[in-house]
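K.L.:
Sharing a sequence plus its predicted fold:
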Amino acid sequence: MTAPVESLRSNLAGSGPPLFFPDPEVPAVFNFDQGLAAPETFPREDLTRLAKLVLQRDGAEVLDYFDPDTGYEELVFGYKGLREQIARRIAEKQGVDLGPRGVILTSGSVQGISLAVAGYINKGDVVVVEAASFPYALRFMEMAGADIRTVPVDDNGMDVDALAEILRAEGGRVKMVYTIPTFQTPTATEMSLPRRKQLLALAKEHSFLIMEDNVYGDLRFAGEDLPTLLSLDDTGLVIQCGSFSKIVAPALRLGWIAGQPKAIEALAAVRQDLGVGQWLARVMAEYLAEGLLDPHIAKANLVYKSKAETASRTLRERCGDFVRFTDPQGSFYLWVEIDERIDWDKAAKLAEREGIFFRPGERFMNDTGGRQFLRLAYSHVSEDVIARGLETLGDILRQCARVPA
């Protein structure tokens, strides 16, 4: 008798469901789940114009695997013209001169993370991450057989003192630290400047790689800019993720990892997907060359600032002291702690019936310590939806309070 196809799955495929979140059984009226750029910010006219321009100007090369003048290098690193533009912007914004070989183009930052893990992590290597972190990054590390250790996150970002304790205990086994220092996912906190400097000092002392996830770094609408880890590094041990998916439009599926060329070589060595698409890479190269990116980000950040203020104000007014959170200074999210007086299981079910969806805290951390969290994405929904959805959530929390407020 023929065995069912599912019996042929690898151990990895059988270890759990894929990391996507299926459609809800009821319509999502108030969808605060996914961290997506606001549709009203998409630069449709510029992208339409530039897609036509590069196709007419460059002809068949736009639809090929690589630029014949550059050669097979682009099958690994991606279109050189866009890498040059990204390297130029990093030099201007962060003061680091990497050149085009210090940038590798990827299908969103997620693929960049996967290449970094494949290029640096062997089975048994210790990787240190923040206790609440980006689930896809952790999945790649698990697939590589990494020994994952976690350190707490507080209002000043990663607890670098806790990392130092791990380093003392593990000796040279720590190969990589993955961190989101600016607008951390999911907590939206920022690593303080002293901690950034301390982290770099530890990397220098213990010789581990730092993967700096900076996909939200440009999306600041309040507070002061902090220097990136890449900009502070003098060892060549920092590589930095970025993505047009968050700052321009998700469907571009264009990201990058930047670092000193010697560090990026490891990612190039393990790549075998024939690179990113020429057409969109050339479109984005032209977009940067025309100076359109930074004005676009500035306009988009005004949209996110207004939405964040609406979300914060409504939560405070309608949910009272049943919630705790910090006003975000950038990014797409609020990290909300639900008071222990709330029967959260009951409240979450009632919220789902009302079409209110968000990302539960346990999706980002293995152990919440009995505390109740949710990540609320305000970026891609209207301010009216934000206000009405959070007003409804407030009514639900009051219904589910074990002890009245």
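P.N.:
It's in. All of these numbers come straight from a predicted model, not from anything done at the bench.
K.L.:
Quick check: Leu115 vs Leu274, distance?
P.N.:
14 Å (C-beta to C-beta, to the nearest Å). Where you see a C-beta, it was placed from the backbone N, CA and C, and this is true even at glycine.
K.L.:
Neighbour count: the two, which is higher?
P.N.:
Leu115 (23 against 12; other C-beta atoms under 10 Å).
K.L.:
ok, for the more buried one, nearest residue in space, not its chain neighbours?
P.N.:
Leu267 (4.2 Å; C-beta to C-beta, 6 or more residues apart in numbering).
K.L.:
Then Val270?
P.N.:
In space, Val270 is closest to Ala118, 4.3 Å off (C-beta to C-beta, 6+ apart).
K.L.:
Repeat that for Tyr136.
P.N.:
Val110 (5.3 Å).
K.L.:
quick one: secondary structure of the one you found?
P.N.:
Here Val110 takes the helix state, with states given by DSSP: H, G, I helix; E, B strand; the rest coil.
K.L.:
same deal with Gly35?
P.N.:
Gly35 ends up coil, using three-state DSSP.
K.L.:
so who does it touch?
P.N.:
By C-beta atoms under 8 Å, 6 or more residues apart in numbering, the contact list for Gly35 reads 185, 246, 331-333, 377, 379.
K.L.:
which one of those sits closest to Arg88?
P.N.:
Nearest to Arg88 among these is Lys246, at 20.0 Å by C-beta to C-beta.
K.L.:
that older thread, any chance you could list what contacts the helix or strand where the residue nearest to Leu115 lies?
P.N.:
Following DSSP states H and E, the helix or strand that holds Leu267 is helix 261-270. Under the contact criterion C-beta under 8 Å, 6+ apart, helix 261-270 has outside partners 76-77, 98-99, 101-104, 112, 115-116, 118-120, 209, 236-239, 257-258.
K.L.:
Going by neighbour count, which of the residues you listed are buried?
P.N.:
Buried subset of the contacts of helix 261-270 (neighbour count, 16 or more other C-beta atoms under 10 Å): 76-77, 98, 101-104, 112, 115-116, 118-120, 209, 237-239, 257-258.
K.L.:
picking up where we left off before, show only the entries of the contacts of Gly35 found in strands.
P.N.:
333, 377 (DSSP state E).
K.L.:
closest to Leu288 among the contacts of Gly35?
P.N.:
For those, the nearest to Leu288 is Lys246 (15.6 Å; C-beta to C-beta).
K.L.:
Where does the spatially closest residue to that closest one that is not a sequence neighbour sit: helix, strand or coil?
P.N.:
Nearest non-adjacent residue to Lys246, counting by C-beta to C-beta, 6+ apart: Val215, 5.0 Å away. Here Val215 is recorded as coil under three-state DSSP.
K.L.:
How about the contacts made by Val215?
P.N.:
109, 241-243, 245-246, 255.
K.L.:
could I get those residues as JSON lines with pLDDT, neighbour count and distance to Arg57?
P.N.:
Listed next are the contacts of Val215 as JSON lines, based on pLDDT from 0 to 100; neighbours: other C-beta atoms under 10 Å; distance: C-beta to C-beta, whole Å:
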{"residue": "Ser109", "pLDDT": "93", "neighbour count": "25", "distance to Arg57": "29"}
{"residue": "Cys241", "pLDDT": "97", "neighbour count": "27", "distance to Arg57": "30"}
{"residue": "Gly242", "pLDDT": "97", "neighbour count": "27", "distance to Arg57": "26"}
{"residue": "Ser243", "pLDDT": "97", "neighbour count": "26", "distance to Arg57": "26"}
{"residue": "Ser245", "pLDDT": "95", "neighbour count": "20", "distance to Arg57": "25"}
{"residue": "Lys246", "pLDDT": "95", "neighbour count": "23", "distance to Arg57": "28"}
{"residue": "Gly255", "pLDDT": "97", "neighbour count": "23", "distance to Arg57": "25"}
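K.L.:
Sitting in helices, which of the residues you listed do you find?
P.N.:
In this view, those that belong to helices under DSSP state H are 109, 245-246.
K.L.:
Among the residues you listed, which one sits closest to Val62?
P.N.:
Ser245 (21.0 Å).
K.L.:
before we move on, the earlier item: and the residue nearest to Leu115, what's its pLDDT?
P.N.:
For Leu267, the model assigns a pLDDT of 95.
K.L.:
Same question for the one 5 residues further on.
P.N.:
With respect to pLDDT, Gln272 has a value of 92.
K.L.:
and it, that one's in a helix?
P.N.:
No: read with three-state DSSP, Gln272 is coil and lies in no helix.
K.L.:
hang on, Ile121 packs against Met176?
P.N.:
Yes: the pair Ile121 / Met176 is scored as a contact, 6.3 Å apart, by C-beta atoms under 8 Å.
K.L.:
which residues are common contacts for those two?
P.N.:
Joint contacts of Ile121 and Met176 (C-beta under 8 Å, 6+ apart) are 127, 146.
K.L.:
In the chain, which residue is most central in space?
P.N.:
By C-alpha atoms, centre = their mean, the chain has its centre lying nearest to Val215, at 5.1 Å.
K.L.:
From Asp384, how far out is that one?
P.N.:
28 Å.
K.L.:
And Asp64, by the same measure?
P.N.:
Asp64 is 46 Å from Asp384, where distance means C-beta to C-beta.
K.L.:
So between those two, which is more surrounded?
P.N.:
The residue with more neighbours, out of Asp64 and Asp384, is Asp64; 13 against 9, by other C-beta under 10 Å.
K.L.:
Next, the residue lying closest to the more buried one once chain neighbours are set aside: phi, psi?
P.N.:
Distances taken as C-beta to C-beta, 6+ apart place Gln278 nearest to Asp64, at 6.1 Å, with adjacent residues excluded. The phi/psi pair for Gln278 (degrees, to the nearest 10) reads phi -60, psi -40.
K.L.:
is it true that Gln278 touches Ala60?
P.N.:
No: taking contacts as C-beta under 8 Å, Gln278 lies outside contact range of Ala60: 10.1 Å.
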